Structure formats: C-alpha cells, structure tokens
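Q: Sequence plus predicted model, see below.
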Amino acid sequence: MEQFLNRPGSTELKHRIGNKELLIIDEAQRIQNIGVTLKLITDHLKDIQLIVTGSSALGLRDTIHEPLTGRKLEFQLHPFSYSELTGAFSEMEENRLLEQRLIYGMYPEIVLSQLEKPKLLHELAGDYLYKDILSLDSVRKPSIIPKILKALALQITGEVSLTELGETAGCDRNTVIRYLDLLEKSFVIFTLPSLARNQRNEIKKSRKVYFWDNGIRNALINQFNPLALRDDTGKLWENYLVSEIIKKDQYEDNIASYYFWRTHQQQEVDLVREKNAEFEAFEFKWSPSKRIRIPESFSKEYQPFTFREVNRKNYPEVLG
C-alpha cells in the first residue's frame, strides 16, 4: 500500500479506491510524496472522506501543508484529557484517581490497561517516543536525545537554560534548540515563553518546558513513588494543569496564547492565558489551604485580567 501511495496517477487511484466512501491513512509522514497523493485524491475523488493520521508533525505538516491548502482540517490528539475521562467515567472517579494521573499520566494504554504501569511507561518512553526524530537524516547524534529529555524531565515547570542543557548533553546551544524543536513537533514536550512588555524588572527572553504527559516524564527519571514520598508534587501538579488547560482549549477551538510571567525579584504567575487582548492569570497550588495574591506589578500592567487560583479541591471548575 505504501508503494501505491508514493507516486500514483489519478487513474490508478480511482481504480484502487473504487467506490469506497472512507480512506484512512495511518502514519502518513512515513510515505514519500504523500502530500501530492492526497491532493490528487481530494481533487479527483470528490465523494471520499479522507482521514490522515501521524504520530508526529515531523514531515507530515510540511509535506501536506502546501498541496492541501484550503482542503483540510487539522486536529491534534493528545493523551486522554480530564474532560474525556470524566465523560467516560465520572468526576468523582477522576478525583479519586487524581494521584494516579499525576504519577502515571493519561496515555490510553496506561489508563485502560490492567498491566504493570511502570513497565508500559518505560516502553513508551524508550525509542518509540522519539522514533520519528531518529529517522531524520539531520539527526547525527541520536544519543543526545535521551540526555536532553532526562534533563528536561528534572527541570519541568522551571526556566530552562539552553547552555546548561548543552553541557549536560554534550552539544552546543544551537543543537539543543534544534532538538527541542523536534521534540515539540513529536508532541513529547511543549514550551511557554515569558510574557514581558516594557517593565525593566520583567524576565523577557526565557522559556519553561512542560511534558504533554506526566507519566512519560516520570518514566524518564524512573520515579513512580506516591505523592507522600515525593518532593516534586508541585511540579507534577503544574505540569498536569497547564497541559490540561491547553488541551481543553484546543478541543473546544479556543484560540489563545500561553505564557508564564516572572520578574527578577522572583514575583511570578504560573500561567497567563491571553485571548482577545484579555489576560487570565493562573496560580497552581496543590494545597487548598495556601492563599495566593497576584503581584501588584502584574495587575497594574496587564489589564483587563482575571485571576484564578487552582488547587486540588477546585480544579474541576477549571478543567470540566
């Protein structure tokens, strides 16, 4: 089938597909010239519904973007979201399983399987996690990737130093930047830039790195202890909430931009969501008893804004 989809003509396509109403092509990024083939199908087989999937955006988006301009709708499918799981089970059940979600994540195989979760996560976090990156000719030092990933796993929710990452992985700063971009396109991590206007004390050129799934992060550092025995519960909580808020927006077609805010005096806001020139500031605390005040310098500069404090008691109000 892959050879057939590589360089077919419109006549061959019509003969092979016939009167089918639905054609699904999985891992399309691995098929050469797939963009041209998809254009032929959409132009000459008007009655067929075409679904094209890929486990990463590497190759696929660049290959199909120009040929299918105006002919496609794009969707990103992440690990299960909070709203999906409460829809399938219940809010009460998800609250009961919150600690498991923070430790083992929300990949379908992990949520639904009765097998040993750490073993499954180690398999997912191995070469399978970045197999599409390893297939690129431009990746000449594949051993760097797991070193960068482990370093990022130890630094989640914190500002990342590209120079330090390079020293840890044994590569230069430009290589780190390129590999971070590849890991984002493979849907392993995502980054938040700093929000800054003209205040002299704001941190301007920095980024924080998050994992799309807590379980993958914990597998990279081989840490599956319960929350009571961990010193990174706050980081797991923030990583979980930031990824869930972004997933929720994507699935509801809410177009927004996301940042963190921090000053040189260590005043900070965990997440700032900007939509229609309005700001929503989030602070994430695991304990419901800790009270938080928004920094005055932020409230003066970023108007209009709303503020939400999210803890383990009220988080369903944000994610539901």
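A: Thanks, I have the structure now.

Q: next one: stretch 111-131 to chain centre, how far?
A: 17 Å (C-alpha atoms, centre = their mean, to the nearest Å).

Q: So for it, what gets flagged as buried?
A: 111, 117-118, 120-121, 124-125, 129-130 (16 or more other C-beta atoms under 10 Å). For glycine as for every other residue, the C-beta is placed from the backbone atoms N, C-alpha and C.

Q: Using PDB, list the CA coordinates for that stretch.
A: Output of stretch 111-131 as PDB, limited to C-alpha atoms (Å, rounded to 0.1, in the frame of the first residue of the first chain):
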ATOM      1  CA  VAL A 111      -5.400   4.400  31.700                       C
ATOM      2  CA  LEU A 112      -7.100   1.300  30.200                       C
ATOM      3  CA  SER A 113      -4.600  -1.400  30.800                       C
ATOM      4  CA  GLN A 114      -4.500  -3.700  33.900                       C
ATOM      5  CA  LEU A 115      -0.800  -4.500  33.300                       C
ATOM      6  CA  GLU A 116       2.000  -3.000  35.300                       C
ATOM      7  CA  LYS A 117       2.000   0.700  34.500                       C
ATOM      8  CA  PRO A 118       5.800   1.500  35.100                       C
ATOM      9  CA  LYS A 119       6.800  -1.200  32.700                       C
ATOM     10  CA  LEU A 120       4.400   0.100  30.000                       C
ATOM     11  CA  LEU A 121       5.600   3.600  30.500                       C
ATOM     12  CA  HIS A 122       9.300   2.600  30.200                       C
ATOM     13  CA  GLU A 123       8.400   1.100  26.900                       C
ATOM     14  CA  LEU A 124       6.600   4.200  25.700                       C
ATOM     15  CA  ALA A 125       9.400   6.500  26.900                       C
ATOM     16  CA  GLY A 126      12.000   4.500  25.100                       C
ATOM     17  CA  ASP A 127      13.000   4.800  21.400                       C
ATOM     18  CA  TYR A 128       9.300   4.600  20.500                       C
ATOM     19  CA  LEU A 129       8.800   8.100  22.000                       C
ATOM     20  CA  TYR A 130      11.100   9.700  19.500                       C
ATOM     21  CA  LYS A 131      11.300   7.200  16.700                       C
END
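
Q: And for that stretch, what's in contact with it?
A: Under the criterion C-beta atoms under 8 Å, 6 or more residues apart in numbering, residues 80, 85, 104-105, 107, 109-110, 134, 145, 149, 182-183, 186, 188, 215-216, 218-220, 222, 224 lie in contact with stretch 111-131.

Q: now swap in stretch 77-94 and tell me
A: 101, 105-108, 111, 187, 212-213, 243-244, 247-248, 250-251, 316, 319-320.

Q: can you do 10 Å?
A: Residues from elsewhere that reach stretch 77-94, judged by C-beta atoms under 10 Å, 6 or more residues apart in numbering: 53, 55, 95-98, 100-101, 105-112, 187, 212-216, 240-241, 243-248, 250-252, 315-316, 318-320.

Q: One more: stretch 18-25?
A: 1-2, 5, 13, 16-17, 31, 34, 37-38, 41, 45, 47-54.

Q: still on that earlier bit, tell me which of the contacts of stretch 77-94 fall in helices.
A: Applying DSSP state H to the contacts of stretch 77-94, the entries found in helices are 95-96, 98, 100-101, 108-112, 214-216, 240-241, 243-248, 250-251, 315-316, 318-319.

Q: If any of those are buried, put those into a ChimeraX selection.
A: Selection of buried members from these for ChimeraX, criterion 16+ other C-beta under 10 Å:
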select :98,100,101,110,111,214,215,216,240,241,243,244,245,246,247,248,250,315,316,318,319
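
Q: Sketch out the low-pLDDT regions of the protein for me.
A: 1-4, 6-8, 56-71, 137-138, 198-204 (pLDDT under 70).

Q: As a check, name the ranges of all helices in the stretch 201-320 of the chain.
A: Counting by DSSP state H, counting those that start in this stretch, the stretch 201-320 of the chain has these helices, from start to end: 214-220, 233-251, 296-301, 315-319.

Q: List the residues that contact S10.
A: 40-41, 43-45.

Q: hang on, the earlier thing: can you flag the buried ones in the contacts of stretch 18-25?
A: Using 16+ other C-beta under 10 Å, the buried ones in the contacts of stretch 18-25 are 5, 13, 17, 31, 34, 37-38, 41, 45, 48, 50, 52, 54.
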